[in-house]
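Engineer: build me a structure from this.
(one chain, ligands or ions: 2)
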Amino acid sequence: MKTFYIETFGCQMNAHDSEKVIGTLVSEGYRQVEKPEDADLVLYNTCSIRDKAEQKVFHRLQQFKKEHGKGKVFGVLGCVAQQEGERIFERAPHVSLVAGSASYARLPQMLVQLEAGNRHVTGLSLDSEEAFDTPFTRRDNPHRAYITIIEGCDKSCAYCVVPFTRGPERSRTSASVLNEARELGAMGYTEIQLLGQNVNSYRDPSPAGWDFAGLLRAVGEVEGIRRVRFITSHPRDFVKEIVDAIEDNPVLCNHVHLPVQSGSDSILERMQRLYTRDDYLRRIEWMKSARRNISITTDIIVGFPGETDADFEQTLSLLDQVEYDSLFVFKYSRRPNTPALAFDDHIPEDEKGRRLTIVQEKQRAIQIRRNAELRASIAVPLLNRFSQQRSHPIAAADRYRRLVDNDAVIECEVLADAASRLG
Ligand code: SAM
Ligand code: SF4
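Structural biologist: Ligands and ions are numbered 1, 2, ... in the order given. Below you'll find the model as predicted:
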């Protein structure tokens, strides 16, 4: 039997794409192995959101250069594949397959070409009308399942490579999403995470024509599903109806990840984010005044070209104003094809590093203060997995998506079906 190894880099979208790729390969008669040394086919599902992520892939390929000629076939999938295209064959001549996510539906045909000995197989077209929808998804998590509702992105944030690597937006029909959710509920999954680069711009392509809030409400009603999360939201398309839906149904997790990127209006404009600080704060206000306590998290980029000390101060003041439950902060990274490359006022790396540390320290202080307020409150975490010695449950996440402080957990709900699957 043919064997394959796959390693995944980057976001949940990539993790879920790999689940679909694995399902497709298994249905084509391949068996997954744990180590690349044991595989006939070695695949890297790649991320190119920042330069560091991209370099990792070429480093991995370099490690296996000597394997070329030993009968192994190497493939590069995902965003680096889409971005670099056939240049990968020059840079890493032992690679035989280069395919972006919009082409995965053609994976079975590409496998046939590889098996026939074709050394340069590509799937790089971005004009797929369809979202990648496969009946063969292979999920590893016993209780949480991802469902892609929208692929690609129609925004053009000046720093971001995603529109070039994942193509234009394609939404799945609400019927297809709901069928998958019902199947998952019937199989015993208890948590669903709806995925998209910008879930808020979801538009049902079928005559039903649902928007994201409508879809969210419907998924929250699926039998057996006890928690529904979604990621990622773009502030421009985040509407009050989403907060209303969360208020109305406790199955919808009271957590919203709403990436702001910067607290400065002039940087937001340069980033082409399509909202101002005030627009953003209005959305925060909807959540803060909701009846349910909604947890808010964000992404920040420091050192975007032209970011002055005064702009950076605006970001710090936004952190004080919103008091996020947690955040991801990144140093701006130059990405190919993006409009920000043309700016001539790039910030030195050491200054980006200094600002990154300041944001991390400020946020740490905010979190320590906010977590202390949670002591003695009741959290209901779902069990994610046991420790290796199986002596105690770990990695529990509560509905607020905040790491549960031991002192705060006085009730722990372990779902019977999830526990039995863990054995
Ligand atoms: N679609 C989502 C959005 O609009 O926020 C997230 C896309 S991206 C996978 C996740 C995060 O990576 C972004 O929110 C941004 O903070 C960060 N990011 C994207 N491009 C970047 C770049 N060139 N340099 C640094 N960080 C970047
Ligand atoms: Fe990138 Fe902006 Fe699209 Fe998010 S919304 S994926 S940051 S272009």
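
Engineer: near ligand 2, which residues of the stretch 201-350 of the chain are found?
Structural biologist: H234 (Cβ under 6 Å from any ligand atom). The way it works is simple: take the backbone N, C-alpha and C, and place the C-beta from them, glycine included.

Engineer: tell me which residue in the stretch 201-350 of the chain sits closest to ligand 2.
Structural biologist: H234 (4.9 Å; Cβ to the nearest ligand atom).

Engineer: so what's the residue count around that residue?
Structural biologist: 20 (other Cβ atoms under 10 Å).

Engineer: apart from its neighbours in sequence, what residue is nearest it?
Structural biologist: Nearest residue to H234, sequence neighbours excluded (Cβ to Cβ, 6 or more residues apart in numbering): N198, at 4.2 Å.

Engineer: would you agree that neighbour is in contact with E169?
Structural biologist: Yes. Counting by Cβ atoms under 8 Å, N198 does reach E169; the two are 7.5 Å apart.

Engineer: what do the two both touch?
Structural biologist: I150, C153, D154 (Cβ atoms under 8 Å, 6 or more residues apart in numbering).

Engineer: out of those, the closest to ligand 1 would be?
Structural biologist: If you rank those by distance to ligand 1 using Cβ to the nearest ligand atom, C153 comes first, at 6.3 Å.

Engineer: quick one: secondary structure of the closest residue to that closest one other than its chain neighbours?
Structural biologist: The spatially closest residue to C153, leaving aside those adjacent along the chain, is Q197, at 4.2 Å (Cβ to Cβ, 6+ apart). Of the three states, Q197 takes coil under DSSP: H, G, I helix; E, B strand; the rest coil.

Engineer: list the contacts of Q197.
Structural biologist: When contacts are counted by Cβ under 8 Å, 6+ apart, Q197 touches M13, I150, E151, G152, C153, V162, R166, T232.

Engineer: what about N198 and E169, which has more around it?
Structural biologist: The neighbour comparison of N198 against E169 (other Cβ under 10 Å) goes to N198, with 22 against 19.

Engineer: distance of the more buried one from ligand 2?
Structural biologist: 5 Å (Cβ to the nearest ligand atom, to the nearest Å).

Engineer: starting at the chain centroid, how far to stretch 280-292?
Structural biologist: 24 Å (Cα atoms, centre = their mean, to the nearest Å).

Engineer: can you check stretch 251-263 too?
Structural biologist: In this view, stretch 251-263 has its centroid 13 Å away from the chain centroid, taken as Cα atoms, centre = their mean.

Engineer: tell me how far the ends of it are from each other?
Structural biologist: End-to-end distance of stretch 251-263: 32 Å, with Cα to Cα, to the nearest Å as the criterion.

Engineer: check whether G353 really touches V329, as I assumed.
Structural biologist: No. The pair G353 / V329 is not scored as a contact, 11.2 Å apart, by Cβ under 8 Å.

Engineer: look at these two and report which has more neighbours.
Structural biologist: Neighbour totals were compared for G353 and V329, and V329 leads with 19 against 13 (other Cβ under 10 Å).

Engineer: quick one: the more buried one is in a strand?
Structural biologist: Yes. Looking at V329 with three-state DSSP, it is inside a strand.

Engineer: on that earlier part again, between the shared contacts of N198 and E169, which has the most around it?
Structural biologist: I150 (24 neighbours).

Engineer: ok, residues contacting stretch 357-371?
Structural biologist: 300, 302, 312, 315-316, 319-320, 323-327, 329, 402, 405, 408.

Engineer: pull the number of nearby residues for I192.
Structural biologist: Using other Cβ under 10 Å, I192 has 25 other residues around it.

Engineer: does it sit in a helix, a strand or a coil?
Structural biologist: strand.

Engineer: nearest spatial neighbour of it, chain-adjacent residues omitted?
Structural biologist: V228 (5.1 Å).

Engineer: what backbone torsions are found at that neighbour?
Structural biologist: Backbone geometry at V228, expressed as degrees, to the nearest 10, gives phi -130, psi 130.

Engineer: that one and ligand 1, how far apart?
Structural biologist: 19 Å.

Engineer: which residues of the stretch 51-200 of the chain score low on pLDDT?
Structural biologist: 66-69, 128-135 (pLDDT under 70).

Engineer: that one: helices as residue ranges?
Structural biologist: For the stretch 51-200 of the chain, the helices defined by DSSP state H, counting those that start in this stretch occupy 51-63, 79-84, 87-91, 107-115, 162-166, 174-187.

Engineer: which one of those helices lies nearest to ligand 2?
Structural biologist: Closest to ligand 2 of the helices of the stretch 51-200 of the chain, according to Cβ to the nearest ligand atom: helix 162-166, at 3.6 Å.

Engineer: send the alpha carbons of that closest one over as PDB?
Structural biologist: The C-alpha trace of helix 162-166 is given here as PDB (Å, rounded to 0.1, in the frame of the first residue of the first chain):
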ATOM      1  CA  VAL A 162      -4.000  35.900   1.500                       C
ATOM      2  CA  PRO A 163      -6.000  37.300  -1.500                       C
ATOM      3  CA  PHE A 164      -3.100  36.100  -3.700                       C
ATOM      4  CA  THR A 165      -2.700  32.700  -2.200                       C
ATOM      5  CA  ARG A 166      -6.300  31.800  -1.500                       C
END
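
Engineer: can that helix be found next to ligand 2?
Structural biologist: Yes. Residues of helix 162-166 contacting ligand 2 under Cβ under 6 Å from any ligand atom: V162, P163.

Engineer: tell me what that helix is packed against?
Structural biologist: On a contact count with 3 or more Cβ pairs under 8 Å, 6 or more residues apart in numbering; DSSP states H and E, helix 162-166 meets helix 79-84.

Engineer: buried residues in the helix or strand hosting S266, which are they?
Structural biologist: Assigned by DSSP states H and E, S266 falls within helix 265-270. Residues of helix 265-270 classed as buried by neighbour count (16 or more other Cβ atoms under 10 Å): D265, I267, L268, R270.

Engineer: what's the closest non-adjacent residue to R334?
Structural biologist: L341 (5.9 Å).

Engineer: per-residue pLDDT of the one you found, please?
Structural biologist: pLDDT for L341: 96.

Engineer: can you list contacts of the host helix or strand of E247?
Structural biologist: Element membership for E247, per DSSP H and E: helix 240-248. Outside helix 240-248, the residues that touch it by Cβ under 8 Å, 6+ apart are 200, 211-213, 216-217, 220, 233, 252-254, 256, 286-287, 290-292, 294.

Engineer: tell me who's in contact with S233.
Structural biologist: With Cβ under 8 Å, 6+ apart, S233 has these contacts: N198, V199, N200, I242, V256, H257, L258, P259.
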